[in-house]
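Chemist: attaching a predicted model along with its sequence, questions to come.
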Amino acid sequence: MSSLSPREKAGLLRITEGLVIPRVRVPYPHRVNQHLKRIRDESNAWVLSFGTYRNESERRLFTDMDLPYLSAMCWSHSPADRFRLITDINSMMAIRDDEFDDEKNSAREELIAAELAFLRQEGRRQETKWTPLWRDIAERLPAHMPPPVVDRFLWRVDQYLETCLNVAERLRERRDYPMTEYIADRRHTVGCYFVDVLAQADLDLDMSDSLATSDLVQEIEDVNNDCVWLLEDLYSCRKELASGRRDNIVSRIAEDTGCSLQEAVDRTAAMLRAGLRRFDQVLSDLEDPDTEDARTVHAYAHGLRLVIPACLEYLDQSARYHPERYLQVDL
């Protein structure tokens with residue numbers, strides 16, 4: 001999180017006070033994983049057991065985020081043990097992503113590179129605060145996911161981290177960042193890029209490599225990722241503006257077009273609504289599946305479609321996206 005002074009925080013908060021984030025309605029049914037009550041406490045305790053946070057205020061802010069609730073809405077089908085693993089992965093990736101996003105963190109490129117080297121098992125691997133969590137997760141993966149799903153997940157995380165590293169370098173060097181390149185990078189740095197695979201695990205889908213890499217599945221994942229990153233950028237723009245960041249589609253639109261921040265917010269919301277309409281059309285085209293592969297893709301697409309209303313409900317209530325609470329402590 002940000003290391004701004006109180007005066008800087010107050011000034012940046014004033015920038016965000018007048019912004020109105022449009023409500024995006026998604027009338028799509030969803031349910032909550034029945035194991036949430038127990039797993040919430042177990043998963044939060046797991047994160048805190050590694051000493052990830054330095055003091056009580058930081059630990060309280062983490063538990064207030066209630067990341068297990070997001071997991072319970074996104075991945076509602078899993079039995080308890082698998083849901084616990086998925087929740088641990090989601091919580092760890094979310095909090096370390098917040099740390100990597102902090103442009104004032106001078107060590108963030110080093111941390112991303114170290115995590116990437118650890119996952120790739122390259123050379124002398126530096127221990128970071130995240131290494132013990134990754135090691136614990138890696139040991140549990142084979143018990144809850146078939147080998148192809150494990151491989152897909154680790155490959156996605158690899159690509160995600162590599163893109164995060166490239167983006168951090170670009171921002172540090174203040175290189176030009178055309179809108180088309182920002183969007184391409186955002187599709188890889190959004191958490192949904194790798195948690196798509198968790199939907200396969202949640203639904204217990206045994207997808208062949210040929211099906212998982214087919215044009216149809218790629219289209220489904222692309223439209224889902226676009227909706228999720230637009231949703232995240234829309235809801236996190238106040239937090240990111242308040243922390244001094246400009247790495248957000250709202251900021252990009254305002255800077256590239258010269259429009260106001262509110263106009264940029266409204267344009268982002270329009271892009272999100274268009275993406276949701278596209279996703280609904282994809283789902284409509286998948287109705288009445290008549291083969292085993294078609295039924296698998298149909299189940300996968302509907303499983304991913306649950307992520308959008310789940311994220312909306314979570315973002316409305318979570319401390320993670322409210323700038324006033326986000327700036328209460330420094331990490």
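Modeler: Arrived safely, thanks for sending.
Chemist: what about Arg50, neighbour count?
Modeler: Rather than Arg, residue 50 is Phe. For Phe50, the neighbour count with other C-beta atoms under 10 Å is 14. Every C-beta, even on glycine, is put in place using the N, C-alpha and C of the backbone.
Chemist: likewise for the one 5 residues further on?
Modeler: Around Asn55 sit 8 other residues, with neighbours defined as other C-beta under 10 Å.
Chemist: what about the residue lying farthest from the centre of the chain, distance to Val282?
Modeler: Residue farthest from the centre of the chain, counting by C-alpha atoms, centre = their mean, is Asp290 at 33.2 Å. According to C-beta to C-beta, to the nearest Å, Asp290 stands 17 Å off from Val282.
Chemist: also Phe83?
Modeler: Counting by C-beta to C-beta, the gap from Phe83 to Val282 is 27 Å.
Chemist: neighbour count winner among these two?
Modeler: Comparing Phe83 with Val282 by other C-beta under 10 Å, the one with more neighbours is Phe83, at 26 against 17.
Chemist: right, and the more buried one touches Ile39 too?
Modeler: Yes. Phe83 sits in contact with Ile39 when judged by C-beta atoms under 8 Å, with a separation of 5.7 Å.
Chemist: between the two, which contacts overlap?
Modeler: Asn33, Ala72 (C-beta atoms under 8 Å, 6 or more residues apart in numbering).
Chemist: tell me which residues touch Leu304, please.
Modeler: Residues near Leu304 by C-beta under 8 Å, 6+ apart: Asp196, Ala199, Ile220, Glu221, Asn224.
Chemist: again, only this time at 7 Å
Modeler: By C-beta atoms under 7 Å, 6 or more residues apart in numbering, the residues touching Leu304 are Asp196, Ala199, Ile220, Asn224.
Chemist: mind checking the SS state of the last one?
Modeler: Same thing as Asn224. Following DSSP: H, G, I helix; E, B strand; the rest coil, the label given to Asn224 is helix.
Chemist: grab the nearest non-local neighbour of Pro79.
Modeler: Excluding its sequence neighbours, the residue lying closest to Pro79 (C-beta to C-beta, 6 or more residues apart in numbering) is His35, at 7.5 Å.
Chemist: give me the neighbour count for the one you found.
Modeler: Using other C-beta under 10 Å, His35 is surrounded by 20 other residues.
Chemist: just Asp316 next, same as before
Modeler: Neighbours around Asp316, by other C-beta under 10 Å: 12.
Chemist: check which helix or strand covers it.
Modeler: helix 307-317 (DSSP states H and E).
Chemist: do a quick rundown of the strands in the stretch 1-150 of the chain.
Modeler: Assigned strands in the stretch 1-150 of the chain: none (criterion: DSSP state E, counting those that start in this stretch).
Chemist: phi and psi next, for the nearest residue to Asp196 once chain neighbours are set aside.
Modeler: Excluding the flanking residues, the one nearest Asp196 by C-beta to C-beta, 6+ apart is Glu221, at 5.3 Å. Dihedral angles of Glu221 (phi, psi; degrees, to the nearest 10) stand at phi -70, psi -40.
Chemist: on that earlier part again, can you read off the pLDDT for the residue farthest from the centre of the chain?
Modeler: Note on Asp290: pLDDT of 91.
Chemist: can you tell me which of the contacts of Leu304 are in helices?
Modeler: The members of those that map onto helices under DSSP state H are Asp196, Ala199, Ile220, Asn224.
Chemist: the helices in the stretch 151-300 of the chain, which residues?
Modeler: With DSSP state H, counting those that start in this stretch as the criterion, the stretch 151-300 of the chain has helices at 179-189, 192-202, 209-212, 215-242, 249-257, 261-285, 292-305.
Chemist: touching stretch 164-172 from outside, list them.
Modeler: Phe100, Glu103, Arg108, Glu109, Ile112, Ala113, Leu116, Tyr177, Asp185, Thr189, Asp247.
Chemist: touching, the residue nearest to Pro79 and Ala80? I think so.
Modeler: Yes. Using C-beta atoms under 7 Å, His35 makes contact with Ala80 at a distance of 4.3 Å.
Chemist: next one: His302 from Ser284, what distance?
Modeler: 12 Å.
Chemist: can you pick out the most distant pair from the ones in helices among the contacts of Leu304?
Modeler: Spatially, the most separated pair among the ones in helices among the contacts of Leu304 is Ala199 and Ile220, at 10.4 Å (C-beta to C-beta).
Chemist: what sits in contact with each of the two?
Modeler: With C-beta under 7 Å, 6+ apart, Ala199 and Ile220 have common neighbours Tyr300, Leu304.
Chemist: how about Thr128, nearest residue that isn't a chain neighbour?
Modeler: Here the residue nearest Thr128, using C-beta to C-beta, 6+ apart, is Ala114, at 5.0 Å.
Chemist: many thanks, I have nothing further to ask.
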